[in-house]
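Asks: Quick one, what's the 3D model for this:
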Amino acid sequence: WDLNYVKQWGKDNGQDHDAYGYNLESGYTFKHAWKPRVMANLGYASGDKNPNDKKSQRFERLFGFARPWSHSDYIQMENIRATKIRGVFNPTATLKMDFGYSWYKLASATDRWTVTNLRDTTGKSGNDIGQEIDVRAQFPVNKHLSMVIGYSYFMAGVFAKTTSQKVTPGRGED
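Replies: Residues are numbered from 1 along each chain as shown. Coordinates of the predicted model:
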């Protein structure tokens, strides 16, 4: 198991900034030659509750990449509730396989979906971003090089479908 909590506070462009995030993960490895492991993960990063209140509550991802949250990079640690179930196994000594199923919701329905910059300040589009299935294989090519091959499939939720129809393709609203 793993648990972490992060807090941000201070000033952001003249606004009071107060945001937080956490990640909980629990897993179990079975006694088997393939070392199968199952895990469940719950991640949260706060979103801005009211775009007009002169307060910033959106957790700001300082650095890093999104892979722990999404293999497609559609999800980052900003305004998000992410639930994930993962499985990992090693069918041979040199091949590692993993797969996952994730559900994504906005932490605040009135804040943006960061990567796409889609936003409904009224909150009427809901908070369901969508779901994602991913699978990966990792193996060595030679003693100096290894390879990862993967596939990810994203299924848009109500928020993603509704807000993307309100804007010009490729451009979000803020």
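
Asks: CA only for contacts and neighbour counts going forward, please
Replies: Will do.

Asks: where exactly do the helices run in the chain?
Replies: 158-164 (DSSP state H).

Asks: contacting residues around the most centrally placed residue in it?
Replies: In the chain, the residue lying closest to the centroid (Cα atoms, centre = their mean) is Trp69, at 3.2 Å. Contact analysis of Trp69 by Cα atoms under 8 Å, 6 or more residues apart in numbering lists 43, 75-77, 82.

Asks: how about those in CSV, adding pLDDT?
Replies: Shown next, in CSV, are the contacts of Trp69 (pLDDT from 0 to 100):
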residue, pLDDT
Gly43, 94
Ile75, 89
Gln76, 88
Met77, 89
Ala82, 95
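
Asks: Most neighbours out of those residues, which is it?
Replies: With neighbours taken as other Cα atoms under 10 Å, the top of the contacts of Trp69 is Met77, carrying 27 neighbours.

Asks: still on that earlier bit, identify, from the contacts of Trp69, the entry nearest to Asp134.
Replies: Ile75 (13.4 Å; Cα to Cα).

Asks: what mean pLDDT would you report for stretch 111-120?
Replies: Stretch 111-120 comes out with an average pLDDT of 90.

Asks: gap between the residue lying closest to Asp134 once chain neighbours are set aside and Glu78?
Replies: Excluding its sequence neighbours, the residue lying closest to Asp134 (Cα to Cα, 6 or more residues apart in numbering) is Ser152, at 4.2 Å. Distance of Ser152 to Glu78, given as Cα to Cα, to the nearest Å: 21 Å.
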